[in-house]
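Q: sequence? don't have it. structure:
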């Protein structure tokens, strides 16, 4: 199983930014990598909203695995996204 190296909220935010900016999505930029690098923080709140929605698995997801583990994993991703006190 692959393990991602970056926080899930950032990865989702980057996908949302890429979808908006890249010609491979709904944007007009042929090479949007640097624009996504600059813009993903603007999509952070939307990424957190996606995670809140994903917290409860669908019936098919629950049948495929342990819903309690899924919820703990999503909650861990949300906790990871919280700002740390300086």
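A: Right, received. Where do you want to start? Since the structure is predicted, the reported quantities are computational estimates derived from the model, not experimental observations.
Q: centroid residue for this structure?
A: Note on the chain: the residue nearest the mean C-alpha position is residue 12, at 2.3 Å, using Cα atoms, centre = their mean.
Q: List the contacts of the helix or strand containing that residue.
A: Using DSSP states H and E, residue 12 sits within helix 8-21. For helix 8-21, contacts defined as Cβ atoms under 8 Å, 6 or more residues apart in numbering pick out 4, 24-27, 29, 32, 35-36, 39-44, 46-48, 50-51, 77-78, 80-81. Heads up, the C-betas are built off the backbone N, CA and C, glycines and all.
Q: Could you give the average pLDDT over the helix or strand that that helix is followed by?
A: Next in sequence after helix 8-21, counting helices and strands by DSSP H and E, comes helix 33-39. The average pLDDT within helix 33-39 is 86.
Q: swap in stretch 2-20?
A: Mean pLDDT, stretch 2-20: 90.
Q: buried residues in that stretch?
A: If you call a residue buried by 16 or more other Cβ atoms under 10 Å, then stretch 2-20 has these buried ones: 8-10, 12-18, 20.
Q: Over to stretch 31-47?
A: Under the neighbour-count criterion of 16+ other Cβ under 10 Å, stretch 31-47 has 32, 35-36, 39-40, 43-44, 47 buried.
Q: Okay then, goodbye and thanks.
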